[in-house]
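Peer 1: Could you look at this predicted model? Sequence included:
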Amino acid sequence: MANNIQTRLADALERARGSARKEVVKSASLRRSDRELLRQRGYLQDICKGWYLLTRPTQKPGESTAWHAAFWDFLSVYLDERFRGDYCLSAVSSMDAQVGTNVVPRQVTPSRHREARRRLNCRTAHRCSCIKTLRTCHALLTWSMDYA
C-alpha cells in the first residue's frame, strides 16, 4: 500500500515538474488527482487561484521563505501567461528584478498596450490584488503584508 502511494506521489511530482516553469505551476497543467495529492503532501503551495509554487514538504505552515525566493519567477511566469509577453515593468520593478532582489515589493506596475479586466487575489502570506485603471495601459499589482 505504501509503495503504491509513493509511486503515485513520484509520478505526480514528475508530471508537475514537467509542466512547471521556474517552479511555478498553473493549475490547468495538472491533473486534479495530482494537484490534490501534491497539496496534501506539502509539495504545492497556493499562490493565487489557479497558480501554485513547487515547495518542499518540510516547510512549516505559514513560512514564506519559498514565496520570497520565487516571487520574481512567479511574477515573470504569471505576467507572460496573462499578457502573452506584451508588458513591461516600471523602472523600479525592472531594476529590482534585474539585480535579483529577494524582497517582495509592496506593488509592481506592469504596463501593456491593451486594457484588461481581471483581478488577482493571492492566498500567500501576502495578499495581492491586481487592479486596472480604465482607459490606461497600467495594471497595478499590490501586496499587503499579513503575518497574523
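Peer 2: Sure, I can see it. Just so we're clear, the structure is a prediction, and the values are computed from it rather than from any experiment.

Peer 1: where does Trp51 fall, phi/psi-wise?
Peer 2: When read as degrees, to the nearest 10, the backbone of Trp51 gives phi -130, psi 140.

Peer 1: same check, this time on Cys88
Peer 2: Torsion angles at Cys88 (phi, psi; degrees, to the nearest 10) stand at phi -150, psi 150.

Peer 1: now swap in Ser93 and tell me
Peer 2: phi -60, psi -40.

Peer 1: Look up how far Arg84 lies from the residue lying closest to Phe83 once chain neighbours are set aside.
Peer 2: What sits nearest to Phe83 in space, not counting adjacent residues and going by CB to CB, 6 or more residues apart in numbering, is Arg112, at 5.3 Å. For every residue, glycine as well, the C-beta is placed using N, CA and C. To Arg84, Arg112 is 9 Å away according to CB to CB, to the nearest Å.

Peer 1: Repeat that for Glu63.
Peer 2: Look at Glu63 and Arg84: by CB to CB, they are 33 Å apart.
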